[in-house]
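Undergrad: Build me a model:
(chains A, B and C)
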Amino acid sequence: MKERIEQAYENRPKRWLFELSVTLVVVFLLIWSASGIETSGTTQNGGKIAMNILSGIFHPDTKLLFNLTTKGVPYLLLETICIAFLGTIVGAIISIPLAFLSASNLTPKPVAFVGRTIIMAVRTIPAFVYGLMFIRVTGPGAFTGLLTMSLCSVGMVSKMYIEAIEDLDTKVLESLDAAGCTTWQKIRYGILPQLMPNFASTAIYRFDINLRDATVLGLVGAGGIGAPLIFAMNAYRWNEAGAILAGLIVLVLIVEWISTKIRVKLARG
Amino acid sequence: MSIYDKLFPPKTITLANGKTVQKKRTRMPLVILILAALTALSVKVTGFNMHTLVSRINEFFVILGQMFSAPNWSYMPKVWGPLFDTIQMSLLGSVAGAILVVPFAMLASTNVIKNNVVVTVMRLFLSIVRTLPTLVAALIATYIFGLGTLAGTIAIAVFTFAYMGKILYEEIETVDMGAFEAMEAMGATKVRAFVSAIVPQVLPSYLSNGLFCFEGNVRYAAILGYVGAGGLGLILNEKIGWREYPSVGMILIALFVTVFIIETISRAVRRRLV
Amino acid sequence: MIEFKNVTKKYPNGFVGLKNVNLTIDQGEFVAIIGLSGAGKSTLIRTINRMHDVTEGTLTVDGTDVMTLQGKTLRRFRRRIGMIFQSFNLITRTTVIKNVLTAFVPDLPWWRAAFGIFTKEEKIAALEALDKVGILDKAFVRADQLSGGQQQRVALARTLAQNPQIILADEPVAALDPVTAKQVMDDFRRINKELKITVLINIHHVDLALQYADRVIGIRAGEVVYDGPVDQVDEKVLDSIYQGGQEKTA
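TA: Prediction:
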């Protein structure tokens, strides 16, 4: 019996070479990445500043927090919501035709490939580049922010729309055909019911993300809560920054909670 | 009976044989009303103006044209440095965030930890970190750690931490607990049972999601440079400021190619994982 | 030696899982526990390795009161008791031998446990355990590619690798077809006779119980209604355990 066991041991699959090389590659990549990190900028004040930020966040400037004018936090949060909302809608509208063009089960392969490449290109351009470009079109302000957000959304939204389209169950169309429906009726009753909940759910998901990313807009002067936040931080007014951050975090948490509920309802019906 | 049903009672349909069926009124009118109201409000608040957009839109395409019709190829050598910085930041940040989040995700799973307080606190913590916009985290990081790639790496680590956290604990909760129970019955601690029984089950999706997150982080890293956190963002900002659009186009092309390569490799690896 | 002295288990909602159980089981016995679903068979077995707590009475295993064990002592206690589950409880995505090797994990230093590094001796010990249940040839196959019977034998090998003194089996053959069930029961009997390990089996199939066990304990509504050698189990005894009872849910 002993020899059989020794035999089995000798015959064990020797994957260690593969696993070792994978580990080596990963470790090498990590070391190479770490070498690129510059720590020269770290000053002694680092810890002190961290403390200041924390204390600022926990002692927010309540005057600014509840100021109801156009410069106050509530209005700016509202502006941010509106920018994210319309930006998501416009982005979704732009994504729909793009997605249909790029779905491999609807269009011939070259067309789909071109469509996907366009989407990838749109997705790669960083948000602030769009922001700066749109400022030249519509000037600084919330409108620009909206347009920037919509182009930024196109990347993720169209990708998810494409997945939804490619997952379409075409067997339903077969049964509608057998019942004698026209093409339009097949689309309305066969395709749309599958796509609509999915599209809506994706749009809501992206809305959440846009709400958080809207701070980018403030950087380039495109409206929203980002601008006063950046100013406050640049001026080391941590109490103000804390107020704004607190408002933003609360808002995002609430919106996320609501949107999760809606998305669950969309998924389960 | 929800509020809506109380206001608009369900319609009762009576069949020929006397049986009745209750049909709830469709929510669609309410949904459309809400959407329309929100849209109107947003249009007013943001100053959405179709007219302005249409008349000025060619400015956008003018700039686009300047970027890509004749990109400045000779600028390319200067792009390599920041490009590698960007990749290094995203790689290290993604790995750091993904590894650090594992114990937190374990503590946030109801099937591993029976103490509801711990689970709720952990999830709240992960939620709050998730709502922090990456750019804000990067900005704060530049104050604490100074300008440069370290700040960017930290910001990306924080983002990855938050993103992977939720995905990971949701995945852990769907796991088959049988092997975990067997390990505990054999005398293993919770941690060892977790490592031996649960980790092998969630590992493929963990790695797959991690790679996906890394893909996104490379593009994020480019943005972070705008606040001085290193990478391509720095030179992008500089060139746009100088209106040197051909150079901007060059940088964007380099970024695009890099992202394309990384995404292709990532997709291939991810397909083998699942 | 396992000793139950007036053991009662009451759940927080008032339901009584075990009522005044008095049992003595010596080392090396092969005991089958039979009864209706929900009668308390599972609860009885799981109190022995303290997967369930005892609310009244004392339960001692080899002189140790089970309720006094905590944390580290509890874990070390559990090392000596093996448990077999109805649903096998294997890690399906990994190979058979890795599953058996998990039996060594609680004793490893942290870095070996985290990265799954095992010594040659441990691997050979795992292979020996697999050989004892007759599936050495499947050692490097992924666990989910095996049949139910084979998977249960992997679970058995995993338990054997622990070198336990007691094996608790909770409906080990309920999910198996009759032929495979007999094979697994044969394995249990061999382990019991050759290695002198105490085997306690919860089992639904009365015929298998009567075929393999030396001693039968009948449970009904949390109480022991029969405790004696297997050759004295007749229709009357089985009626007292099963007849007229309804499916109870905890």
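
Undergrad: Enumerate the residues of chain A near chain C.
TA: Within chain A, the residues that sit near chain C (CB under 8 Å from any CB of the partner chain) are A:1, A:4, A:5, A:6, A:8, A:9, A:12, A:13. Every residue, glycine included, has its C-beta placed from N, CA and C.

Undergrad: and which of those is nearest to chain B?
TA: Of all these, residue A:13 has the smallest distance to chain B: 17.0 Å, by CB to the nearest CB.

Undergrad: Get me the contact residues on the stretch 51-200 of chain B for chain C.
TA: The stretch 51-200 of chain B comes close to chain C at residues B:176, B:178-179, B:181-189, B:192, B:195-197, B:200, as judged by CB under 8 Å from any CB.

Undergrad: filter those to the buried ones?
TA: Listed as buried from these are B:176, B:178-179, B:181-189, B:192, B:195-197, B:200; burial here means 16 or more other CB atoms under 10 Å in any protein chain shown.

Undergrad: Quick check: which ranges of chain A have low pLDDT?
TA: Applying pLDDT under 70 to chain A flags the ranges A:1, A:36-46, A:56-57, A:59-73, A:269.

Undergrad: try it again with 90
TA: Applying pLDDT under 90 to chain A flags the ranges A:1-87, A:96-113, A:115-117, A:120-152, A:155-156, A:159-202, A:204-205, A:208-269.

Undergrad: How is it divided into domains?
TA: A:2-35, A:49-268 (automatic domain parsing).

Undergrad: could you pull out the strands for chain C?
TA: Using DSSP state E, the strands of chain C run over C:2-10, C:16-25, C:30-35, C:56-61, C:64-65, C:81-84, C:166-170, C:198-202, C:215-220, C:223-229.

Undergrad: Kindly report the residues of the stretch 151-269 of chain A close to chain B.
TA: Residues of the stretch 151-269 of chain A lying near chain B (CB under 8 Å from any CB): A:212-213, A:215-216, A:219, A:223, A:226, A:229-230, A:233, A:245, A:248-249, A:252-253, A:256.

Undergrad: any idea which of those has the most stuff around it?
TA: Within those, most neighbours by other CB atoms under 10 Å in any protein chain shown means residue A:216, with 29 neighbours.

Undergrad: tell me the contacts of residue 216?
TA: You didn't say which chain, so I picked chain A. A:127, A:128, A:131, A:148, A:226, B:133, B:135, B:223 (CB atoms under 8 Å, 6 or more residues apart in numbering or on different chains).

Undergrad: think we crossed wires, I meant chain C
TA: Residues near residue C:216 by CB under 8 Å, 6+ apart: C:31, C:32, C:33, C:34, C:209, C:210, C:226, C:227, C:228, C:229, C:230, C:233.

Undergrad: quick one: the fifth one and residue C:199 touch, right?
TA: No - here residue C:209 lies out of contact with residue C:199, judged by CB atoms under 8 Å, at a distance of 11.8 Å.

Undergrad: what distance separates the start and the end of stretch C:68-86?
TA: One end of stretch C:68-86 sits 28 Å from the other (CA to CA, to the nearest Å).

Undergrad: touching chain B at all, it?
TA: Yes - Stretch C:68-86 lies within reach of chain B by CB under 8 Å from any CB, at C:74, C:75, C:76, C:77, C:78, C:79, C:81, C:82, C:83, C:85.

Undergrad: Excluding chain neighbours, what is closest to residue B:179?
TA: residue B:197 (3.8 Å; CB to CB, 6 or more residues apart in numbering or on different chains).

Undergrad: One more: residue A:125?
TA: residue B:252 (5.9 Å).

Undergrad: and the helix or strand encompassing that neighbour, average pLDDT?
TA: Using DSSP states H and E, residue B:252 falls within helix B:245-273. Helix B:245-273 shows a mean pLDDT of 86.

Undergrad: by contact count, what packs against it?
TA: Helices and strands touching helix B:245-273, by 3 or more CB pairs under 8 Å, 6 or more residues apart in numbering or on different chains; DSSP states H and E, are helix A:109-124, helix B:50-68, helix B:76-107, helix B:199-224, helix B:232-241.

Undergrad: could those helices be laid out in TSV, adding distance to residue B:124?
TA: Below are these laid out as TSV (distance: least, CB to CB, whole Å):
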stretch	distance to residue B:124
helix A:109-124	32
helix B:50-68	41
helix B:76-107	12
helix B:199-224	22
helix B:232-241	32
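
Undergrad: Could you list the contact residues of chain C toward chain B?
TA: Looking at chain B, the residues of chain C close enough under CB under 8 Å from any CB are C:49, C:51, C:74-79, C:81-83, C:85, C:87-94, C:102-103, C:105-106, C:113-114, C:116, C:155, C:158, C:162.

Undergrad: So which of those residues sit within helices?
TA: Among those, the members falling in helices (DSSP state H) are C:74, C:75, C:76, C:77, C:78, C:79, C:113, C:114, C:155, C:158.

Undergrad: Now which of the residues you listed would you call buried?
TA: Buried among these (16+ other CB under 10 Å): C:75, C:77, C:78, C:79, C:113, C:155, C:158.

Undergrad: quick one: contacts for the last one?
TA: Spelled out, it's residue C:158. Listed by CB under 8 Å, 6+ apart, the contact partners of residue C:158 are B:182, C:90, C:99, C:100, C:102, C:103, C:129.

Undergrad: One more: residue A:123?
TA: For residue A:123, the contacting residues are A:154, A:155, A:156, A:159, B:219, by CB under 8 Å, 6+ apart.

Undergrad: what do you get for residue C:25?
TA: By CB under 8 Å, 6+ apart, residue C:25 lies in contact with C:1, C:2, C:3, C:31, C:198, C:200.

Undergrad: now the residue of chain C found nearest chain A: how far from residue B:256?
TA: Nearest residue of chain C to chain A: residue C:127, at 4.8 Å (CB to the nearest CB). For residue C:127, the distance to residue B:256 equals 53 Å [CB to CB, to the nearest Å].

Undergrad: Show me which of these two is the more surrounded one.
TA: residue C:127 (23 against 17).

Undergrad: Remind me which helix or strand the spatially closest residue to the more buried one that is not a sequence neighbour belongs to.
TA: Using CB to CB, 6+ apart and skipping residues adjacent in sequence, the residue nearest residue C:127 is residue A:5, 4.8 Å away. Using DSSP H and E, residue A:5 maps to helix A:2-10.

Undergrad: Now that helix - C-alpha only, PDB.
TA: Output in PDB follows, covering the C-alpha atoms of helix A:2-10 (Å, rounded to 0.1, in the frame of the first residue of the first chain):
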ATOM      1  CA  LYS A   2       2.800   2.300   0.800                       C
ATOM      2  CA  GLU A   3       4.200   2.200  -2.700                       C
ATOM      3  CA  ARG A   4       0.800   3.100  -4.200                       C
ATOM      4  CA  ILE A   5       0.600   6.200  -2.100                       C
ATOM      5  CA  GLU A   6       4.200   7.200  -2.900                       C
ATOM      6  CA  GLN A   7       3.300   6.700  -6.500                       C
ATOM      7  CA  ALA A   8       0.200   8.900  -6.300                       C
ATOM      8  CA  TYR A   9       2.300  11.500  -4.600                       C
ATOM      9  CA  GLU A  10       4.900  11.400  -7.400                       C
END
